[in-house]
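Undergrad: Need coordinates for the following:
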Amino acid sequence: MTAVNVTTPFGRRPMTLGHIASQMAARAAAPDAVAHKWQVFQHIRESRELIGATDRSLSILNALLTFHPETALSGGELVVWPSNEQLMARANGMPATTLRRHLAVLVDCGLIIRRDSPNGKRFARKGRGGEVEQAYGFDLSPIVARAEEFRDLAQAVQAEKKAFRVAKEQLTLLRRDIVKMIETGVEEGVPGDWGRVTQTYQGIIGRLPRSAPRQLVESIGHELQDLWTEIRDVLESFAKAMKLDGNESHIGRHIQNSKPDSKFESEHRSGKKDEVGGSVAETDNVRSLPKRELPLGIVLDACPEMRELAQGGTIRHWRDLLAAAELARPMLGISRSAWREARETMGEQHAAITVASIYQRAGQINNAGGYLRSLTDRAKDGKFSTWPMVMALLRAKLDEQQNPARVGKLRTDEDAENDSHLHVSESLLKSLRKPKSW
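TA: Below you'll find the model as predicted:
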């Protein structure tokens with residue numbers, strides 16, 4: 001009588017299409033197929049979530065594999081028949097109810113096949129030579145039949161873990177870079193709406209839960225990458241403007257070259273061609289400066305003395321700065337015509353920034369009106385930008401903060417030299433601050 005290939009479970013256990021599919025896969029395995037049982041078990045353990053197995057069920061599978069004496073499993077009948085007591089002992093004392101539940105998990109996952117006897121007992125019937133003629137228990141043939149599948153699943157899991165790890169690394173680096181770049185932008189006085197940038201960053205990070213899937217981490221990483229690029233462009237533009245210190249930082253050169261003898265403006269422009277002309281290199285430098293507008297906060301940081309002229313000592317809008325510039329104009333000795341021409345050429349906003357910069361350095365400019373006309377002529381030729389003026393003022397402020405002792409000594413020496421030549425009464429100073437009628 002030939003041995004019966006048992007396909008149905010004993011007792012009240014149901015038969016499912018999944019069980020039949022597992023048996024079909026086992027029968028389809030090549031007769032000469034060989035698999036290293038512990039290597040396959042490692043692949044199963046790595047891909048257990050995709051397979052549907054649990055940690056406890058894998059503990060039982062590990063115990064079942066120990067009951068087969070061979071390490072290299074080949075096709076054919078691979079039935080082991082340990083009792084529940086033996087399995088519980090090798091599964092670290094697992095309770096019987098837990099054992100039965102996780103055995104069912106292994107069957108449902110297609111990792112083992114039940115070969116139940118008529119009475120549900122597990123045993124093997126041997127022939128005269130000691131060979132096994134019929135065995136009832138758990139068939140391990142799916143381990144061999146699905147070895148390549150388990151290997152592919154394990155590789156997919158490893159690739160997913162690697163991608164997840166890379167995504168988290170990139171996210172961490174982007175977060176670190178963005179935070180430090182924002183701090184640099186604020187501390188260095190780089191023009192930009194850093195409050196908005198910070199809020200945008202916090203809004204993106206706020207959507208990241210404690211345990212996020214890879215897809216969400218990558219999505220947030222893409223958004224942070226865009227923000228990182230935006231911040232980098234701002235900082236690089238600012239660094240480029242700072243690099244132009246020797247070439248295009250006009251404020252220092254203008255202050256040095258625009259000191260005519262007369263304190264009051266000459267309405268004639270003769271003798272200023274060399275100062276206004278500029279070179280092709282200067283024009284290219286101005287064109288290379290950032291095209292966006294200077295933020296009001298940056299201008300006020302560079303020209304804090306303008307607040308003294310504002311109503312209530314506060315400048316909140318560009319119109320407030322323009323009103324303060326209107327007051328600074330007569331105090332600097334700038335005529336109405338020069339102011340009107342500057343506004344028409346530069347625009348009201350840039351004209352106000354220019355006057356604010358001149359007012360901030362009023363002590364170093366003898367002829368503010370002539371200086372403004374010179375800058376207006378440069379603006380007509382496309383050779384003037386308010387960016388380097390404000391940047392130079394910010395650099396001077398930063399140098400003063402970093403080297404207060406040196407700057408204080410220089411100012412003391414200058415004050416002593418000025419005092420030795422001229423003493424100005426308080427009444428004269430007050431009269432100079434009164435608006436002049438032009």
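Undergrad: from here on, contacts and neighbour counts on C-alpha atoms
TA: Noted.
Undergrad: Give me the pLDDT value at Lys380.
TA: Predicted confidence (pLDDT) for Lys380: 91.
Undergrad: What is the burial count for it?
TA: Neighbourhood size, Lys380 [other Cα atoms under 10 Å]: 12.
Undergrad: where does this protein have its least confident helix or strand?
TA: Counting by mean pLDDT, DSSP states H and E, the chain has its least confident helix or strand at helix 273-277, which shows a mean of 35.
Undergrad: Could you pull out the strands in this protein for me?
TA: 34-36, 72-74, 79-80, 113-115, 123-126, 132-139 (DSSP state E).
Undergrad: Could you say which one of these comes nearest to Lys380?
TA: strand 34-36 (83.2 Å; Cα to Cα).
Undergrad: Name the residues of that closest one that come out as buried.
TA: Of the residues in strand 34-36, 34-35 count as buried by neighbour count, 16 or more other Cα atoms under 10 Å.
Undergrad: Just the residues contacting that strand, thanks.
TA: With Cα atoms under 8 Å, 6 or more residues apart in numbering as the test, strand 34-36 has contacts from 71-75, 143-144, 147.
Undergrad: Now Ile178: closest residue in space, sequence neighbours ignored.
TA: Trp228 (5.9 Å; Cα to Cα, 6 or more residues apart in numbering).
Undergrad: Same question for Ile204.
TA: Closest to Ile204 by Cα to Cα, 6+ apart is Ile220, at 6.7 Å.
Undergrad: residue contacts, that neighbour?
TA: Neighbouring residues of Ile220 by Cα under 8 Å, 6+ apart: 171, 204-205, 208.
Undergrad: Next: Arg151.
TA: Taking Cα under 8 Å, 6+ apart as the test, what Arg151 contacts is 40, 43-44.
Undergrad: quick check, nearest of these to Ala396?
TA: His43 (65.5 Å).
Undergrad: What is the neighbour count of that closest one?
TA: Neighbour tally, His43, other Cα under 10 Å: 21.
Undergrad: Compute the distance between it and Leu171, please.
TA: 29 Å (Cα to Cα, to the nearest Å).
Undergrad: what does Gln215 give?
TA: In terms of Cα to Cα, Gln215 sits 12 Å off from Leu171.
Undergrad: more crowded one of these two?
TA: More crowded of Gln215 and Leu171, by other Cα under 10 Å: Leu171, with 21 against 12.
Undergrad: Return the residues in contact with the closest residue to the more buried one other than its chain neighbours.
TA: Distances taken as Cα to Cα, 6+ apart place Gly221 nearest to Leu171, at 5.4 Å, with adjacent residues excluded. Neighbour list for Gly221: 167, 170-171, 174 [criterion: Cα under 8 Å, 6+ apart].
Undergrad: Please pick out the residue of this protein most distant from its centre.
TA: For the chain, the residue at maximal distance from the C-alpha centroid (Cα atoms, centre = their mean) is Arg128, at 74.0 Å.
Undergrad: Just give me the residue closest to the centre of this protein.
TA: By Cα atoms, centre = their mean, the most central residue of the chain is Leu174, 3.0 Å off.
Undergrad: List the contacts of that one.
TA: When contacts are counted by Cα under 8 Å, 6+ apart, Leu174 touches 221, 224-225, 228.
Undergrad: in stretch 96-105, what counts as buried?
TA: 99, 102-105.
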